[in-house]
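Novice: any chance you can model this:
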Amino acid sequence: MKHLSMVILTICLVLLAPKVMALNLAVDQDLMDFTLQNELDENEISDLNNPFLNQLQPLVEDEQQVDQLLVEQNNNFNPEAAAEELEVKGILVTGGEKIILIKDLINNTSELLRPGEMIAGYTLLSYRDSQVFLTKNGNEFTINY
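Specialist: The predicted structure is shown next:
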């Protein structure tokens, strides 16, 4: 009985092996065709190694459109926007360093910030007396507290 099952298994393998190999060859050819159609040139390969590629390419290719967006952005500048979107909740002094607690009123979240850190797209520039200075999209904002 053991020998019979071994013989049947061997016959199945011999009969099915060419069909399995034929299927495998068809897939290999499809992969080869895909590879040839999508082969990268030298510039594309060097771009893959450039971690700053996305920063180098403009998001908008038409320079007039970029200029128009900048003009619209400056026309929409509201010096009170930061005070409407952010609120200074307090100042933490640790080891001579001041850390500002700012609440994002739109998202209802709070962050402890040092100069250079961001909240809601605003970057904390500095603070003095009862004022916090921030920047967003090249515009400077002041929040009094």
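Novice: quick check: chain neighbours aside, which residue is closest to Ile143?
Specialist: Leaving aside its sequence neighbours, Ile143 sits nearest to Val132 (C-beta to C-beta, 6 or more residues apart in numbering; 4.6 Å). To be clear about C-beta, it is placed using only N, CA and C from the backbone, and glycine gets the same treatment.
Novice: and the helices in this protein?
Specialist: Along the chain, counting by DSSP state H, helices occupy 2-37, 42-48, 53-56, 63-75, 81-85.
Novice: which of those helices has the lowest mean pLDDT?
Specialist: Among those, helix 53-56 carries the lowest mean pLDDT, a mean of 54.
Novice: domain ranges for the protein?
Specialist: Here the domain assignment for the chain is 2-48, 79-144, based on automatic domain parsing.
Novice: closest one to Gln68 among the ones you listed?
Specialist: Nearest to Gln68, of all those, is domain 79-144, at 15.0 Å by C-beta to C-beta.
Novice: how far off centre is that closest one?
Specialist: Relative to its parent chain, domain 79-144 has a centroid offset of 24 Å by C-alpha atoms, centre = their mean, to the nearest Å.
Novice: returning to what we had before: from memory the residue nearest to Ile143 sits against Lys103, does it?
Specialist: No: counting by C-beta atoms under 8 Å, Val132 sits too far from Lys103 to count as a contact (11.9 Å).
Novice: more crowded one of those two?
Specialist: Val132 (23 against 18; other C-beta atoms under 10 Å).
Novice: how much space separates the more buried one from Ile8?
Specialist: 83 Å (C-beta to C-beta, to the nearest Å).
Novice: again with Leu134
Specialist: 79 Å.
Novice: among those two, which residue is more densely surrounded?
Specialist: Leu134 (26 against 10).
Novice: so which of the domains of the chain comes closest to Gln64?
Specialist: domain 79-144 (19.2 Å).
Novice: residues making contact with stretch 122-134?
Specialist: Contact partners of stretch 122-134, identified using C-beta atoms under 8 Å, 6 or more residues apart in numbering, comprise 82, 85-86, 88, 91, 98, 100, 102, 113-118, 135-136, 140-145.
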